[in-house]
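1. Only the shape, not the letters, is given here:
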């Protein structure tokens, strides 16, 4: 039996608050399924299970704040496969004398198929077919429990009962409790969770007047704090950011580089792509900048990884953490996994999805961990140059400013061109300025061939 524990969802996380269970005891679990909603100092995140099995006993009530690593629930092993039926020879209690060679066994005379009692194998002859037809059961979709998988009368009756039973509404345990408190019919609620599962906030929105349900009573010995309203900055977020940045500035010997990139070719290509393509595939300059940052990290892997145990470990793949400002203040950096392998429309779609869910507290645990390189883009805020602080244990951070028209010389002629300032903050323990310069040169070169991104 395993344990589902409060995960560490960032280097600055010491504790988390369990907001809601998304499963109930006995529910089957697959690796990667979201099982709980956890609030950190920065955001509210759906946390996945990292082993398969079945949900066992829940150890922590919603609303409880516990340290990272605290067991939240038990995970039981999945049920074993159903035992195959034994062969007929093993079922016989007495030996059967074979017929004499000179007298072969005659074929049985045709006759009505035995009806069979409950649990007896009745075959799939006319009787079973007629019974299935009367009860509205599809024999082709039925798994028989009789010998050799034959369909029995009991199988037909069981399937008919299951068909007549109304489907169970998929809702989290907390959603069911709140529905009972508010008198909300769950069958009339549209779920916004994974696979349309109804969550507690869906019930609150469906209640008369959109009334919010009261929080569940805390357990006697629990450490409980009020959950923040959506959009409001989590208590302690500034302290959490300050602690992490203080540690980064103290422990990481930063060096900083910057370059200015001519974006004329990229912007011309972008305008033409958006003019010809469908609305759903229109791109923003951020897509080109992120893809160039990811491909350059693949070319210069010394900047793509982690400094741990006094040595550098290269990342397995290029996973970009993208800094997102939250509506209530603060920021979070959800991860674009395999950003170097995504085409531009897919990267743009993933970026929009991550930003939306980051600002509504719908991120999952795997989407806020394992970034190998972080990118911050403040161009939409009017900032031209940004030098960021490295997010440990990463060894670099890339910054992009806004694309702005500036005087620019091309082939000895002065004109006005769109340009962007690209900066690099890097860890001197892992690399030096020459490596950082190679990275920025790669970003510049890649942005001159946007059709190849």
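-> Done, it's in. Computed from a predicted structure; not experimentally measured. Numbering: from 1, shown residues only.

2. Just to check, residue 365 is in contact with residue 44?
-> No: under the criterion of Cβ atoms under 8 Å, residue 365 makes no contact with residue 44, lying 11.4 Å away. (Each C-beta comes from the backbone N, C-alpha and C, glycine too.)

3. intersection of neighbour lists for these two?
-> Both residue 365 and residue 44 are in contact with residue 38, where contact means Cβ atoms under 8 Å, 6 or more residues apart in numbering.

4. Residue 351 is in what secondary structure piece?
-> helix 344-359 (DSSP states H and E).

5. do the same with residue 250
-> In this structure, residue 250 is located in helix 237-251 according to DSSP H and E.

6. Check which residues of that helix are buried.
-> By neighbour count on 16 or more other Cβ atoms under 10 Å, the buried set for helix 237-251 is 237, 240, 241, 244, 245, 248.

7. and after it, which helix or strand comes next?
-> As assigned by DSSP H and E, the chain's next helix or strand after helix 237-251 is strand 254-262.

8. And the contacts of whichever helix or strand comes after that following strand?
-> The first helix or strand that comes after strand 254-262 along the chain, using DSSP H and E, is helix 264-276. Judged by Cβ under 8 Å, 6+ apart, the contacts made with helix 264-276 from elsewhere in the structure are 282, 283, 285, 288, 403, 417, 418, 447, 448, 449, 450, 451.

9. Recalculate using a threshold of 6 Å.
-> For helix 264-276, the surrounding residues in contact (Cβ atoms under 6 Å, 6 or more residues apart in numbering) are 282, 283, 288, 417, 418, 447, 448, 450.

10. and what of stretch 248-257?
-> With Cβ under 6 Å, 6+ apart as the test, stretch 248-257 has contacts from 387, 389, 390, 392, 424, 425, 426, 427, 428, 436, 440.

11. Just the buried positions in the helix or strand encompassing the fifth one, please.
-> In this structure, residue 424 is located in strand 413-427 according to DSSP H and E. By neighbour count with 16+ other Cβ under 10 Å, strand 413-427 contains the buried residues 417, 418, 419, 420, 421, 422, 423, 424, 425, 426, 427.

12. again with stretch 169-177
-> When neighbours are counted by 16+ other Cβ under 10 Å, the buried residues of stretch 169-177 are found to be 169, 171, 172, 173, 174, 175, 176, 177.

13. And for residue 297, the neighbour number?
-> Neighbours of residue 297 under the rule other Cβ atoms under 10 Å: 28.

14. And the pLDDT for the closest residue to it other than its chain neighbours?
-> Beyond its immediate neighbours in the sequence, the residue positioned closest to residue 297 (Cβ to Cβ, 6 or more residues apart in numbering) is residue 304, lying 4.1 Å away. We note a pLDDT of 98 for residue 304 in this prediction.

15. Let me see the contact set for residue 304.
-> Counting by Cβ under 6 Å, 6+ apart, residue 304 makes contact with 297, 315, 318, 372, 373.

16. Make sure I have this right: the first one is in a strand.
-> No: counting by DSSP: H, G, I helix; E, B strand; the rest coil, residue 297 is not part of a strand but helix.

17. Help me confirm that it comes into contact with residue 373.
-> Yes: applying Cβ atoms under 6 Å as the test, residue 297 and residue 373 come out as touching, 5.2 Å apart.

18. With respect to residue 26, which of the contacts of stretch 248-257 is nearest?
-> When the contacts of stretch 248-257 are ranked by distance to residue 26 (Cβ to Cβ), residue 392 comes first, at 40.4 Å.

19. Can you get me a residue count around that closest one?
-> Residue 392: 18 surrounding residues under other Cβ under 10 Å.

20. Residue 353 too?
-> One way to gauge burial is a neighbour count; for residue 353, by other Cβ under 10 Å, it gives 13.

21. cool, and the one 10 residues further on?
-> Residue 363 is flanked by 23 other residues according to other Cβ under 10 Å.

22. again with residue 428
-> 13.

23. got it, and residue 410?
-> By other Cβ under 10 Å, the burial measure for residue 410, its neighbour count, is 10.
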